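*Asks:* following is a predicted model, sequence given first.
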Amino acid sequence: MIARRRFCLAAAISGFLFPLFADAEIGAADHSSGESASHNAPIAGKLVSVGSDTLGTLSSRWAELISEQHPSIRVQVRAIGSSAAPVALVEGTADLGPMSRPMTSAETRAFEKRYGYSPTAITIARDSIAVFVHRNNPLDYISGNSLAAVFSNSHRCGRTEPIEEWGQLGTAGPWRSRAINVYGRTSSSGTYSVFRGAILCGGEFKKRMNRLVGSSAIVRAVATDRTAIGYASSGYLNAGVKALRVVDTETGVERSLFRDLYLYINRAPGKALAPQLASYLKLVLSESGQRLVSGVGYQRLPTEELAAALEKLGIDNE
Amino acid sequence: MASSRSAELKTAPLLAGARRAEPLVWASAGAVVLALLLLAAVLLLLASNSFRYFWPQPLVYLESDQLGPSGSLGIVLGRDTGRRAQNAQLLLLRGAEEFFQSPIIWLDEDRIRSRQQPKDAFAVERADRGMVFGFIEALTVIGEQRVLSNGSPSQVLNAVQNAREEVSRLSIETREASFYSIRLANGQLVDLPLADVVSVHLPNSMNRVEKLNHFAAGVWRFLSEAPRQTNVQGGVLPAIVGTVTLVLLMAIIVAPLGVLAAVYLSEYAQSGILTRLVRIAVNNLAGVPSIVYGVFGLGFFVYAVGGSIDSVFFADKLPAPTLGTPGLLWAALTMAILTLPVVIVATEEGLARVPKNLREGSLALGATRAETLWRVVLPSAAPAVLTGLILAIARATGEVAPLILVGVAKYAPGLPVSGEFPFVHFDRQFMHLGFYIYDLGFQSPQIDTVEGLVYATALLLVGIVLLLNVAAVVLRGRLREAFAGEEIFR
Amino acid sequence: MNDRSATAKRRLLLDRVISLLVNAAGATIILLIVLILAYLLYTTLPLTRGTAIGASQSFSHLGSTVFARYDAAPWTLGEPGAEAGLLVSSSQVAVRLHENQLSVFSLQVERESLTTPEPVPLQRAVLLGRIKLDGEVLEDTLQLDDWEETLLISYQHPQGELVVLKVQVGESAAFLPQRWRFADYPQDSFHLLDASRAELLVVGGGLLRRIELPSQDSSSAISPHEHSWQELSQRHTGAVLPVQGSAQAVGWGPRRDTLLLVDKEQFLHRFDLVRSASIGPTSPMPFPVTSIGSERQRRVSFVAGAAGEVALFVPSSSGFLLQSILPGASGGEIVLSDDGGRFMQSQPDALMTWNVLNDYPETSARSLWAPQWYEAAPRGQLEWQPDGLAIGALSKYSLTPLLFGTFKAALYGMLFAVPLAIGAAIYTGYFLSTRLRNRVKPTIELLEAFPTVVLGFIAGLWLAPLLADYLLFVLLLPLVAFSVPLLLAAAHFTCRSISPRFSDRPPRLVLLLIAYLLAGVVLFDASRPLEAWLFTDSMSDWLWSEFGVHYDQRNAILIGFAMGIAITPSMFSILEDAIYAVPRSLSDGSLALGATRWQSLAKVVLPAASPALLSALLIGVARGLGETMIVLLATGNSPLLDPSPFSSMRTISATVAIELPEASAGGINFRLLFLSALVLFALTFLFNTIAEIYRQRLRYTYGQF
């Protein structure tokens, strides 16, 4: 009995030392696989994607698709928020940086400072941001200025009274004296930044806004909170909520909030892309890759734009 | 003392009576009941929602003013009882997301004209784009039409299932020409590929046994398959494997250190400032919030240590990181620090229960301290070590916060364990059951359709952790019993 | 013999090695905690690094060299004969005025061709185009400003007329400037160009005129947008502004959200361009100011004097980051680059730059915790808005709301957990039979087994909507939890006084279980109609319309509930152990003296176990402070300072989990998040250590029996 226990203990202790050796072995293995990848026909390798949560679903779909086509390419997807992408690219902890907004000049400069060249941006899809309320809310449209006053107290788009009640937006009946509960994303999200720029004119969101960790959490919260208003990518809308039409305050013309969705990569000028990266990009910009785009509720890019992007990247499109 | 109390009894008989009724005893018993009720309620909530997800739900055909002339076929997911100003509404999952605007729909109850459960309604689960509900009317296998118009629903079901088997053996090109024609609730007849079918069943004409079969098959697919369609369908196998690999690796790291530290505290340490410091350190390690470990892991392991390893050993691969990115190894190390006090405390408790006379006997026979430790003390305390490890594993299984920072991924198809050398891939990111819940519940589109999956995953996670805890309790009880008689001699 | 001694040696050696290993393991534990603390400190400490002037650099000036104001990089104009004429530069554009002609140069590296990490000294500027002017120009009145592809140029004619030009300098620039003329421009005014808003700001004659430049080239349609100083000063709630046209220097505030003005008495005034009001108290400058300005991305402003004096400060905060005299400065204007990296000055024969070491200007101990006078707000604020950089806005870093939220979440959790844990511990540890106790205790401790991500998910997605619908029910729950046992006690008492047949020890747990379930069902069914009857529709709407109380779906009650489940088991465990460990002989003695069971518990057992009570409370709070997943998933993460049970909160732990993955290593946000992790670490360290001291006291107490 005691002997058996001792064996267990010995196994446990030898297990402690194991990772040290295993570590060294990985190094050797990775070196050899890196070399063989460039020689042999099947493309292999690991790609890490860090970035937008809005693009998280799409990135995962592409990752699924590429592992079907090239089983030895593994793509890992971390969907934290758009602001994570430039950080990960600069730190070198990611190969792909999907972003739901363009990089700011500060982020570009941080990259340039580290590598001496600019990050390469590839537009991969289009998206519209939707403003929505509970499905039983009587409101159908909202003006841009009212929207800003609902979400912000900064008045950067012109001074307005702060809007706290549904009655101030013109709803009648019991809705008149109901408070507005405001829902938005956490600051890492590109949706947050685009909405802040376009609707709030760069102003700050109200402190009281609920900042939720995912777009679907917002849709869910609005679908279950009668007095809520929120915004998210329109790909996340479902029957539980009602999308509001946003009209221009002065002209009354309907506004649509379109934005490009990007994929940022680290591409040294004059150097060829790593084969696994090239085949991933080729897939993203291919017909089947773009079909997934419309599958998750975004708008696919026109064919000529895809071809132009491939040409710019130096990937031959056959 | 006693006299003053009896005087009190005389002056305030009512109060005394109230005291004898022991209201506070009742209240404290109430707290016990509430705590047990909470436990039961959470478990029940998880279990019932998971059960609903796997158990075939009846397909309901609804006709409503809201839908126009045609009805809608689907599963009732929930009900909103409404306020005075508003009527109750039903949440219907109607599937076939490419043909309807939204796969779910809310229907006002008072506008529903009729409600029935057609016996011949099929529910088809597809590999892509969710469920389809409708009436299968025709079948085409490799371009050859098989007429089904006269068959009973169960015959149709058999035919479809056979055809599906056939098609799955075909090459990818020939699969294209095989499809089934299904009439949706809005009257539209659509052709859908057979190769896409995961399972097909007739929920409204199934008996108990068939339902149980379907349930078991669903549970099995949940446990054994990889997720599809960005985690909203399919199973959680990679998350299970990721979680298990993580905790095993962590256990391998934490076991020796934890046991040695416990041995130090219980056997080697003289009572002095150093020992007190170690005790304070252990207690504080146990109390430090897990997110702080995550911060430390990200900053120290990933950026500092991993970054340096990369720049020395994998410089040729930079800027693509090898170990300077969140991954399995760093997550396991972080978790090991997090669970270290659990192992130490449990082991120390076990060591303290080993009777002193055992040690003294061994030393008296001329064994060195190390030999006594190795051959006498540790074997007797082995169940305590195991208890500690199990508790540590339980803790690490349920912990998500540090993993958000040091290595978990939304989607990572390559399992961290594989047949390829070196079998365990320390640099890979991995999926984790706890993070899967977070991701699925808060970030997947169409949360209403995946809610059941989230509950099932949560139940699985809770089940694993509960089982581990129960195992630890049982083991600990055994240890106590083993030395219960000998404690007299201490 | 030899063999045996060799064996003995080996045994001794092994003994030593094991002993060494064991001691090393003990030391490792201390090292680990020191390492964590040291690493957090190491990452945090640079935040306290002061501001300093670094090395200076000089570039010989051949009349054709100019600074890009963005980063103070020197550029040379790549055309022959460029020495002649006047050179003026803005952020990334330079303009040369020569013979009534303006040549416009770009001071921007072409992104595609950029290959070296650091800009080489004296890069060549690219000529973008030329503009013919229509009359003589007063040379020292030439000003320009650029923003993205818009360039504004202004100059004055000798007659006093002010001309403003607007040019688009993009790739397909047609170079047809739009022109505006201001014939009645007052001579003693200052003006500032703002290309980002296409505006002209004129300060003078006691007025701040904000003039929008219309985008069409119909140059007649100028809409001046006037404010008088008087008007502005009356809106201000604090001190009256002593500015009657005596401005000495005027410049932009950070990111051009404010206007900074130094008057003749060297007092600084700030004007909010968003709210059209002045902000905060005025403060004196340490020397006669000749130029004033700010960085574009951070809340840093500078003033400079004629003799090379410079000072850096954060306008929303008080005090100076730095006061210094630049060595080797001459009489010209000293300017801080837009990115805050360097001071620069154009001297007659050279361009001088001085590096500024100022990595973390906005994180003084005061600004992190005390209210700050930000723009666009009527009073001092405590705000956590660290995301500015990502969208080109200014950030606000106050840790106070986060700390407040952290404690709020923990305390609401305690409100729920404390009665539950104490009650359950007392009943399990004192009243239950040992056999039953050994079953019940581990079962309650299983509550700990719920991963907090599961609790957070249930609270955030399932409970939150339900809570809003059954608010009255939830608010009545504590009442039910207390009144049901009391009612049962009364019933039991009545029954016993009627007939002595009733047991002295009724099956309390079973009776209570039934009673609770019944009460729960009845109340649940009754609460909606009751709520509708009491509050016309729903209680949350009633709270708002009657009291103006915001009901957030994800509020403190919800957190209290979920957090309570997470905290209860560890508190219960400590307390129960302590109560159970109090020797039975103590309470038996008191019972023998005629005390009731509750009395002997309250007067004898609980005092003996009281250190554990305190220890349990502290550990409960510490657990609540650090809990992450529940608050991440079930709060609204809104950084409020509102103790209301119906409002949301943002905790340190959730903030770290949300923001750390996107914070760039070494950046200000990264270090601040490490600081908040350090605060969390310190708090829990404190609480746990006190708790441990009390627990040790408890061990000592029992030692006596």
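*Replies:* Perfect, thanks for sending it.
*Asks:* distance across stretch C:328-347, terminal residue to terminal residue?
*Replies:* For stretch C:328-347, the first and last residues are 10 Å from each other (C-alpha to C-alpha, to the nearest Å).
*Asks:* do the same with stretch B:345-363
*Replies:* This stretch, stretch B:345-363, spans 25 Å end to end (C-alpha to C-alpha).
*Asks:* centre of the chain versus it, how much separation?
*Replies:* Stretch B:345-363 sits 37 Å away from the centroid of its parent chain (C-alpha atoms, centre = their mean, to the nearest Å).
*Asks:* any bit of it sitting next to chain C?
*Replies:* No: shown here: stretch B:345-363 not in contact with chain C (C-beta under 8 Å from any C-beta of the partner chain), separated by at least 11.2 Å. From N, CA and C alone the C-beta is placed, and that goes for glycine too.
*Asks:* flag every residue of the stretch 601-705 of chain C that's near chain A.
*Replies:* Counting by C-beta under 8 Å from any C-beta, the residues of the stretch 601-705 of chain C near chain A are C:632-633, C:636-640, C:647-648, C:650, C:658-659, C:661-665.
*Asks:* in strands, which of those appear?
*Replies:* Of those, none are assigned to strands by DSSP state E.
*Asks:* what sits against the residue nearest to residue C:135 when sequence neighbours are not counted?
*Replies:* Here the nearest residue to residue C:135 in space, its sequence neighbours aside, is residue C:157; by C-beta to C-beta, 6 or more residues apart in numbering or on different chains that works out to 5.4 Å. Residue C:157 makes contact with C:135, C:136, C:137, C:138, C:163, according to C-beta atoms under 8 Å, 6 or more residues apart in numbering or on different chains.
*Asks:* and the third one, helix, strand or coil?
*Replies:* I take that to be residue C:137. Of the three states, residue C:137 takes coil under DSSP: H, G, I helix; E, B strand; the rest coil.
*Asks:* give me the pLDDT for the closest residue to it other than its chain neighbours.
*Replies:* Spatial nearest neighbour of residue C:137, chain neighbours left out: residue C:155 (4.8 Å); criterion: C-beta to C-beta, 6+ apart. We note a pLDDT of 87 for residue C:155 in this prediction.
*Asks:* quick one: residue C:155 is in a helix?
*Replies:* No: using three-state DSSP, the assignment for residue C:155 is strand, not a helix.
*Asks:* the host helix or strand of residue B:29 close to chain A?
*Replies:* Using DSSP states H and E, residue B:29 maps to helix B:23-54. No: Helix B:23-54 does not reach chain A (C-beta under 8 Å from any C-beta); its nearest approach is 15.0 Å.
*Asks:* quick one: mean pLDDT over that helix.
*Replies:* The model assigns helix B:23-54 a mean pLDDT of 92.
*Asks:* ok, then the element right after it?
*Replies:* Using DSSP H and E, the helix or strand that follows helix B:23-54 towards the C-terminus is strand B:60-64.
*Asks:* drop anything exposed from the residues of the stretch 601-705 of chain C next to chain A.
*Replies:* Among these, those buried by neighbour count (16 or more other C-beta atoms under 10 Å in any protein chain shown) are C:632-633, C:636-640, C:647-648, C:650, C:658-659, C:661-665.
*Asks:* ok, back up a step: which ones among the residues of the stretch 601-705 of chain C next to chain A also lie next to chain B?
*Replies:* Filtering these for proximity to chain B (criterion: C-beta under 8 Å from any C-beta) leaves C:632, C:633, C:661, C:665.
*Asks:* any idea which of those is least confident?
*Replies:* Lowest confidence among those: residue C:665, with 72.
*Asks:* and stretch A:148-163, how far from the chain's centre?
*Replies:* Between the centre of stretch A:148-163 and the centre of its chain there are 27 Å (C-alpha atoms, centre = their mean).
*Asks:* revised request: answer the last question for stretch C:331-338.
*Replies:* 32 Å.
*Asks:* what mean pLDDT does it get?
*Replies:* On average, stretch C:331-338 scores 86.
*Asks:* quick one: is that stretch near chain A?
*Replies:* No: Stretch C:331-338 lies apart from chain A when judged by C-beta under 8 Å from any C-beta; the minimum separation is 10.7 Å.
*Asks:* one more: stretch C:180-199?
*Replies:* No: Stretch C:180-199 does not reach chain A (C-beta under 8 Å from any C-beta); its nearest approach is 10.3 Å.
*Asks:* which parts of that stretch are buried?
*Replies:* Neighbour-count burial for stretch C:180-199 [16+ other C-beta under 10 Å]: C:180, C:182, C:185-186, C:189, C:191-196, C:198-199.
*Asks:* need the contact partners of it.
*Replies:* For stretch C:180-199, contacts defined as C-beta under 8 Å, 6+ apart pick out C:143-148, C:150-154, C:156, C:160-164, C:166, C:200-205, C:210-213, C:215, C:219, C:222, C:245, C:247, C:249-252, C:256, C:259.
*Asks:* do the same with stretch A:297-305
*Replies:* Outside stretch A:297-305, the residues that touch it by C-beta under 8 Å, 6+ apart are A:58, A:123-128, A:233-237, A:261, A:285, A:290-291, A:293-294, A:309, B:445.
*Asks:* what subset of these is buried?
*Replies:* Buried members of these, counted by 16+ other C-beta under 10 Å: A:58, A:123-127, A:233-237, A:261, A:285, A:290, A:293, A:309, B:445.
*Asks:* let's see which of those end up in strands.
*Replies:* Those of the buried ones among the contacts of stretch A:297-305 lying in strands (DSSP E): A:123, A:124, A:125, A:126, A:127, A:233, A:261.
*Asks:* and of these, the nearest to chain B?
*Replies:* residue A:233 (8.9 Å; C-beta to the nearest C-beta).
*Asks:* if we can go back for a sec, most widely separated two among the ones next to chain B among the residues of the stretch 601-705 of chain C next to chain A?
*Replies:* C:633 and C:665 (26.4 Å; C-beta to C-beta).
*Asks:* show me the shaky parts of the stretch 101-250 of chain A.
*Replies:* For the stretch 101-250 of chain A, the stretches flagged by pLDDT under 70 are A:159, A:188.
*Asks:* try 50 this time
*Replies:* Filtered on pLDDT under 50, the stretch 101-250 of chain A yields no residues whatsoever.
*Asks:* what ranges do the strands span in it?
*Replies:* A:120-134, A:141-143, A:181-185, A:210-212, A:228-233, A:241-247 (DSSP state E, counting those that start in this stretch).
*Asks:* out of those strands, flag the one nearest chain C.
*Replies:* Of the strands of the stretch 101-250 of chain A, nearest to chain C by C-beta to the nearest C-beta is strand A:210-212, at 3.1 Å.
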